[in-house]
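Undergrad: Give me a model of this one.
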Amino acid sequence: MAKKSVSQHPSGGRQIRAKQPKVPQMELPPVPVENPTQDRVVYAVFATILLLGTLTTGLLYYFVGQNLYQAYLVKNWLNTALAAGALVGLLFFLRAAFTAAFVVSATVAGRTNAFSAQHKICTWALKYKSILPDRASWASQAIIQQMMAKQDFDQIIEFGTTQFEDITSKNPKDHSLAVLCTYVGMSYQAKGDLAKSIEWNEKSIDQFTKFFASIEKSKFAKKLGSQGVVEAMTLNYAQVLAGLGSSYMQQQNYRKAKDLLKQSLEQAKKTSETPERRQLIKQVEEGLGRLKRW
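TA: Below is the predicted model:
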(Lines give C-alpha, C1' and ligand atoms only; values in the text may rest on other atoms or scores of the structure.)
Protein backbone atom coordinates (compact mmCIF):
# COMPACT_ATOMS: atom_id res chain seq x y z
CA MET A 1 0.00 0.00 0.00
CA ALA A 2 1.31 3.49 -0.83
CA LYS A 3 2.40 5.50 2.22
CA LYS A 4 1.41 9.07 2.97
CA SER A 5 4.44 11.34 3.03
CA VAL A 6 4.74 13.80 5.93
CA SER A 7 6.43 17.21 5.79
CA GLN A 8 6.97 19.98 8.35
CA HIS A 9 4.62 22.95 8.03
CA PRO A 10 6.28 26.44 8.30
CA SER A 11 4.20 27.16 11.39
CA GLY A 12 5.73 24.18 13.15
CA GLY A 13 2.85 21.75 12.64
CA ARG A 14 2.79 18.76 10.35
CA GLN A 15 1.32 18.83 6.85
CA ILE A 16 -0.05 15.61 5.33
CA ARG A 17 0.65 15.26 1.61
CA ALA A 18 -1.50 13.26 -0.73
CA LYS A 19 -0.63 9.62 -1.31
CA GLN A 20 1.71 9.09 -4.23
CA PRO A 21 0.15 6.96 -6.96
CA LYS A 22 1.65 3.53 -7.41
CA VAL A 23 1.82 1.45 -10.58
CA PRO A 24 3.19 -2.00 -11.37
CA GLN A 25 6.95 -2.49 -11.49
CA MET A 26 8.52 -4.67 -14.15
CA GLU A 27 9.29 -7.96 -12.44
CA LEU A 28 12.47 -9.93 -12.97
CA PRO A 29 11.97 -13.21 -14.84
CA PRO A 30 11.99 -16.34 -12.66
CA VAL A 31 15.24 -18.28 -12.36
CA PRO A 32 14.84 -21.42 -14.51
CA VAL A 33 16.02 -24.87 -13.46
CA GLU A 34 18.91 -25.99 -15.67
CA ASN A 35 18.88 -29.44 -17.28
CA PRO A 36 22.51 -30.32 -18.16
CA THR A 37 21.55 -33.84 -19.29
CA GLN A 38 20.19 -32.30 -22.50
CA ASP A 39 23.48 -30.64 -23.49
CA ARG A 40 24.61 -33.61 -25.59
CA VAL A 41 21.30 -33.69 -27.43
CA VAL A 42 21.67 -30.01 -28.30
CA TYR A 43 25.23 -30.46 -29.56
CA ALA A 44 24.09 -33.47 -31.59
CA VAL A 45 21.34 -31.41 -33.23
CA PHE A 46 23.85 -28.66 -34.05
CA ALA A 47 26.40 -31.08 -35.53
CA THR A 48 23.80 -33.03 -37.52
CA ILE A 49 22.32 -29.98 -39.22
CA LEU A 50 25.74 -28.49 -39.91
CA LEU A 51 27.19 -31.73 -41.35
CA LEU A 52 24.13 -32.51 -43.46
CA GLY A 53 24.04 -28.98 -44.82
CA THR A 54 27.77 -29.00 -45.62
CA LEU A 55 27.70 -32.45 -47.25
CA THR A 56 24.61 -31.66 -49.30
CA THR A 57 26.12 -28.39 -50.49
CA GLY A 58 29.41 -30.14 -51.33
CA LEU A 59 27.70 -32.82 -53.42
CA LEU A 60 25.55 -30.29 -55.25
CA TYR A 61 28.62 -28.15 -55.89
CA TYR A 62 30.38 -31.14 -57.43
CA PHE A 63 27.53 -32.02 -59.81
CA VAL A 64 26.79 -28.43 -60.77
CA GLY A 65 30.51 -27.80 -61.27
CA GLN A 66 30.72 -30.78 -63.61
CA ASN A 67 27.80 -29.45 -65.64
CA LEU A 68 29.41 -26.03 -65.76
CA TYR A 69 32.66 -27.52 -67.06
CA GLN A 70 30.92 -29.63 -69.73
CA ALA A 71 28.77 -26.70 -70.87
CA TYR A 72 31.87 -24.52 -71.16
CA LEU A 73 33.71 -27.15 -73.25
CA VAL A 74 30.92 -27.31 -75.85
CA LYS A 75 30.47 -23.52 -75.78
CA ASN A 76 26.89 -23.77 -74.54
CA TRP A 77 26.82 -20.33 -72.95
CA LEU A 78 23.24 -20.51 -71.73
CA ASN A 79 23.88 -23.66 -69.69
CA THR A 80 27.21 -22.22 -68.57
CA ALA A 81 25.49 -19.12 -67.21
CA LEU A 82 22.75 -21.17 -65.54
CA ALA A 83 25.28 -23.47 -63.87
CA ALA A 84 27.33 -20.49 -62.69
CA GLY A 85 24.19 -18.96 -61.21
CA ALA A 86 23.39 -22.24 -59.47
CA LEU A 87 26.85 -22.27 -57.89
CA VAL A 88 26.24 -18.79 -56.49
CA GLY A 89 22.84 -19.91 -55.19
CA LEU A 90 24.48 -22.81 -53.38
CA LEU A 91 26.50 -20.33 -51.35
CA PHE A 92 23.23 -18.96 -49.97
CA PHE A 93 22.05 -22.51 -49.33
CA LEU A 94 25.19 -23.20 -47.30
CA ARG A 95 24.65 -20.01 -45.33
CA ALA A 96 21.05 -21.04 -44.63
CA ALA A 97 22.20 -24.44 -43.36
CA PHE A 98 24.86 -22.77 -41.22
CA THR A 99 22.23 -20.44 -39.75
CA ALA A 100 19.75 -23.27 -39.17
CA ALA A 101 22.34 -25.23 -37.19
CA PHE A 102 22.70 -22.35 -34.73
CA VAL A 103 19.05 -21.31 -34.53
CA VAL A 104 17.48 -24.77 -34.26
CA SER A 105 19.97 -26.09 -31.70
CA ALA A 106 19.70 -22.92 -29.58
CA THR A 107 15.89 -23.19 -29.70
CA VAL A 108 16.02 -26.83 -28.62
CA ALA A 109 18.38 -25.86 -25.80
CA GLY A 110 16.02 -23.14 -24.60
CA ARG A 111 12.99 -25.43 -24.61
CA THR A 112 14.81 -28.21 -22.74
CA ASN A 113 16.57 -25.88 -20.25
CA ALA A 114 20.01 -26.89 -21.54
CA PHE A 115 21.29 -23.42 -20.79
CA SER A 116 24.99 -24.27 -20.75
CA ALA A 117 24.81 -25.62 -24.30
CA GLN A 118 22.62 -22.71 -25.37
CA HIS A 119 25.14 -20.20 -24.04
CA LYS A 120 28.01 -21.85 -25.95
CA ILE A 121 26.07 -22.05 -29.20
CA CYS A 122 24.95 -18.43 -28.91
CA THR A 123 28.55 -17.40 -28.16
CA TRP A 124 29.69 -19.24 -31.31
CA ALA A 125 26.93 -17.52 -33.29
CA LEU A 126 28.15 -14.10 -32.15
CA LYS A 127 31.67 -15.08 -33.19
CA TYR A 128 30.42 -15.67 -36.74
CA LYS A 129 27.75 -12.96 -36.68
CA SER A 130 29.19 -11.24 -39.77
CA ILE A 131 27.86 -14.07 -41.97
CA LEU A 132 24.61 -14.67 -40.08
CA PRO A 133 21.34 -12.78 -40.72
CA ASP A 134 20.77 -9.71 -38.52
CA ARG A 135 24.22 -10.24 -36.99
CA ALA A 136 22.79 -13.01 -34.77
CA SER A 137 20.66 -10.60 -32.73
CA TRP A 138 18.64 -13.62 -31.49
CA ALA A 139 21.83 -14.98 -29.87
CA SER A 140 22.38 -11.68 -28.05
CA GLN A 141 18.89 -11.85 -26.60
CA ALA A 142 19.26 -15.48 -25.49
CA ILE A 143 22.51 -14.66 -23.68
CA ILE A 144 21.13 -11.57 -21.97
CA GLN A 145 18.07 -13.54 -20.80
CA GLN A 146 20.44 -15.95 -19.06
CA MET A 147 22.30 -13.04 -17.48
CA MET A 148 19.01 -11.60 -16.26
CA ALA A 149 18.10 -14.93 -14.65
CA LYS A 150 21.35 -14.62 -12.67
CA GLN A 151 20.60 -10.93 -11.99
CA ASP A 152 24.11 -9.92 -13.03
CA PHE A 153 23.08 -6.32 -13.72
CA ASP A 154 26.52 -4.86 -14.46
CA GLN A 155 27.22 -7.56 -17.04
CA ILE A 156 23.78 -7.10 -18.59
CA ILE A 157 24.36 -3.38 -19.02
CA GLU A 158 27.81 -3.85 -20.55
CA PHE A 159 26.82 -6.71 -22.85
CA GLY A 160 23.45 -5.25 -23.84
CA THR A 161 24.85 -1.81 -24.64
CA THR A 162 27.65 -3.26 -26.78
CA GLN A 163 25.32 -5.58 -28.70
CA PHE A 164 22.69 -2.90 -29.29
CA GLU A 165 25.26 -0.47 -30.70
CA ASP A 166 26.86 -3.16 -32.88
CA ILE A 167 23.63 -4.54 -34.34
CA THR A 168 21.90 -1.20 -34.95
CA SER A 169 25.03 0.34 -36.49
CA LYS A 170 25.25 -2.48 -39.05
CA ASN A 171 21.50 -2.87 -39.58
CA PRO A 172 19.41 0.13 -38.49
CA LYS A 173 16.24 -1.68 -39.63
CA ASP A 174 16.72 -4.53 -37.14
CA HIS A 175 13.69 -4.35 -34.84
CA SER A 176 14.29 -7.53 -32.82
CA LEU A 177 16.05 -5.93 -29.84
CA ALA A 178 13.04 -5.04 -27.68
CA VAL A 179 13.80 -7.70 -25.05
CA LEU A 180 17.47 -6.75 -24.90
CA CYS A 181 16.60 -3.08 -24.35
CA THR A 182 14.03 -4.01 -21.70
CA TYR A 183 16.55 -6.03 -19.70
CA VAL A 184 19.13 -3.26 -19.84
CA GLY A 185 16.46 -0.84 -18.60
CA MET A 186 15.47 -3.20 -15.79
CA SER A 187 19.12 -3.53 -14.77
CA TYR A 188 19.53 0.23 -14.53
CA GLN A 189 16.32 0.38 -12.52
CA ALA A 190 17.63 -2.30 -10.14
CA LYS A 191 20.81 -0.24 -9.69
CA GLY A 192 18.77 2.88 -8.92
CA ASP A 193 19.65 4.80 -12.10
CA LEU A 194 16.17 6.02 -13.03
CA ALA A 195 17.28 8.26 -15.92
CA LYS A 196 19.13 5.42 -17.69
CA SER A 197 16.27 3.04 -16.99
CA ILE A 198 13.84 5.41 -18.73
CA GLU A 199 16.25 5.87 -21.65
CA TRP A 200 16.50 2.13 -22.32
CA ASN A 201 12.83 1.42 -21.80
CA GLU A 202 12.08 4.17 -24.32
CA LYS A 203 14.39 2.33 -26.73
CA SER A 204 12.52 -0.88 -25.98
CA ILE A 205 9.19 0.74 -26.78
CA ASP A 206 10.63 2.11 -30.02
CA GLN A 207 11.75 -1.43 -30.94
CA PHE A 208 8.32 -2.86 -30.09
CA THR A 209 6.58 -0.17 -32.17
CA LYS A 210 8.72 -0.88 -35.23
CA PHE A 211 8.33 -4.63 -34.74
CA PHE A 212 4.53 -4.42 -34.76
CA ALA A 213 4.63 -2.08 -37.76
CA SER A 214 6.66 -4.67 -39.68
CA ILE A 215 4.20 -7.39 -38.65
CA GLU A 216 1.30 -5.38 -40.10
CA LYS A 217 3.08 -5.26 -43.45
CA SER A 218 3.80 -9.00 -43.55
CA LYS A 219 1.04 -11.52 -44.24
CA PHE A 220 3.36 -14.36 -43.24
CA ALA A 221 4.15 -12.71 -39.94
CA LYS A 222 0.44 -12.25 -39.24
CA LYS A 223 0.01 -16.02 -39.57
CA LEU A 224 2.71 -16.47 -36.97
CA GLY A 225 0.72 -14.16 -34.74
CA SER A 226 -2.17 -16.64 -34.79
CA GLN A 227 0.20 -19.13 -33.16
CA GLY A 228 0.75 -16.80 -30.21
CA VAL A 229 4.09 -15.26 -31.16
CA VAL A 230 2.81 -11.73 -31.66
CA GLU A 231 0.38 -12.06 -28.75
CA ALA A 232 3.23 -12.87 -26.35
CA MET A 233 5.15 -9.87 -27.64
CA THR A 234 2.06 -7.71 -27.14
CA LEU A 235 1.79 -8.67 -23.48
CA ASN A 236 5.51 -7.96 -23.01
CA TYR A 237 4.98 -4.61 -24.66
CA ALA A 238 2.14 -3.83 -22.24
CA GLN A 239 4.37 -4.75 -19.29
CA VAL A 240 7.16 -2.45 -20.51
CA LEU A 241 4.70 0.41 -20.96
CA ALA A 242 3.48 -0.11 -17.39
CA GLY A 243 7.03 -0.25 -16.05
CA LEU A 244 7.98 2.93 -17.88
CA GLY A 245 4.88 4.58 -16.48
CA SER A 246 6.13 3.62 -13.03
CA SER A 247 9.48 5.28 -13.72
CA TYR A 248 7.85 8.52 -14.88
CA MET A 249 5.65 8.45 -11.82
CA GLN A 250 8.76 8.33 -9.64
CA GLN A 251 9.84 11.50 -11.44
CA GLN A 252 6.38 12.92 -10.64
CA ASN A 253 5.63 13.29 -14.34
CA TYR A 254 2.05 12.13 -13.80
CA ARG A 255 0.67 13.15 -17.19
CA LYS A 256 3.28 11.07 -19.00
CA ALA A 257 2.75 8.20 -16.57
CA LYS A 258 -1.01 8.28 -17.13
CA ASP A 259 -0.61 8.24 -20.90
CA LEU A 260 1.74 5.22 -20.71
CA LEU A 261 -0.63 3.35 -18.40
CA LYS A 262 -3.50 3.94 -20.83
CA GLN A 263 -1.38 2.52 -23.64
CA SER A 264 -0.43 -0.45 -21.45
CA LEU A 265 -4.07 -1.21 -20.71
CA GLU A 266 -4.97 -0.95 -24.39
CA GLN A 267 -2.21 -3.39 -25.39
CA ALA A 268 -2.96 -5.85 -22.56
CA LYS A 269 -6.63 -6.08 -23.58
CA LYS A 270 -5.55 -7.25 -27.05
CA THR A 271 -4.17 -10.51 -25.60
CA SER A 272 -5.87 -13.70 -24.47
CA GLU A 273 -6.91 -14.33 -20.89
CA THR A 274 -3.99 -15.45 -18.68
CA PRO A 275 -3.07 -14.94 -15.00
CA GLU A 276 -0.31 -12.51 -16.06
CA ARG A 277 -2.76 -10.51 -18.16
CA ARG A 278 -5.32 -10.33 -15.34
CA GLN A 279 -2.70 -9.19 -12.83
CA LEU A 280 -1.31 -6.55 -15.16
CA ILE A 281 -4.74 -5.14 -16.03
CA LYS A 282 -5.70 -5.02 -12.36
CA GLN A 283 -2.55 -3.13 -11.37
CA VAL A 284 -2.73 -0.72 -14.29
CA GLU A 285 -6.39 0.08 -13.62
CA GLU A 286 -5.55 0.75 -9.97
CA GLY A 287 -2.75 3.07 -11.07
CA LEU A 288 -5.05 4.92 -13.45
CA GLY A 289 -7.61 5.26 -10.69
CA ARG A 290 -5.06 7.11 -8.56
CA LEU A 291 -4.18 9.38 -11.49
CA LYS A 292 -7.67 10.67 -12.22
CA ARG A 293 -6.91 14.27 -11.35
CA TRP A 294 -3.94 14.30 -13.72
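
Undergrad: Going along the chain, name the strands of this structure.
TA: 6-8, 14-16 (DSSP state E).

Undergrad: Show the average pLDDT along the last one.
TA: Per-residue confidence for strand 14-16 averages out to 41 on the pLDDT scale.

Undergrad: Please apply the same query to the first one.
TA: Taken as a whole, strand 6-8 has an average pLDDT of 43.

Undergrad: for stretch 279-294, same thing?
TA: pLDDT averaged over stretch 279-294 gives 88.

Undergrad: Only the buried residues of it, if you could.
TA: Under the neighbour-count criterion of 16 or more other CB atoms under 10 Å, stretch 279-294 has 280-281, 283-284, 287-288, 290-291 buried. All C-beta atoms are positioned from the backbone trio N, CA, C, and that covers glycine.

Undergrad: Quick one: find the helix or strand in the protein with the lowest mean pLDDT.
TA: strand 14-16 (a mean of 41; mean pLDDT, DSSP states H and E).

Undergrad: tell me the contacts of W200?
TA: 181-182, 184-185, 188 (CB atoms under 8 Å, 6 or more residues apart in numbering).

Undergrad: nearest spatial neighbour of it, skipping sequence neighbours?
TA: Once flanking residues are discounted, W200 sits nearest to G185: 3.5 Å by CB to CB, 6 or more residues apart in numbering.

Undergrad: Am I right that G65 is in contact with A86?
TA: No: at 9.5 Å, G65 and A86 do not qualify as touching, with contact defined as CB atoms under 8 Å.

Undergrad: So the residue nearest the centre of the chain versus R290, what's the distance?
TA: What sits nearest the mean C-alpha location of the chain, by CA atoms, centre = their mean, is V179, with 3.4 Å. To R290, V179 is 29 Å away according to CB to CB, to the nearest Å.

Undergrad: neighbours around the closest residue to S272 other than its chain neighbours, how many?
TA: Spatial nearest neighbour of S272, chain neighbours left out: E231 (6.3 Å); criterion: CB to CB, 6+ apart. Per other CB atoms under 10 Å, the neighbour tally for E231 reads 16.

Undergrad: Test for you: state the pLDDT assigned to E231.
TA: You'll see E231 listed with a pLDDT of 84.

Undergrad: just checking, it touches K269?
TA: No: using CB under 8 Å, E231 is not in contact with K269, being 11.9 Å away.
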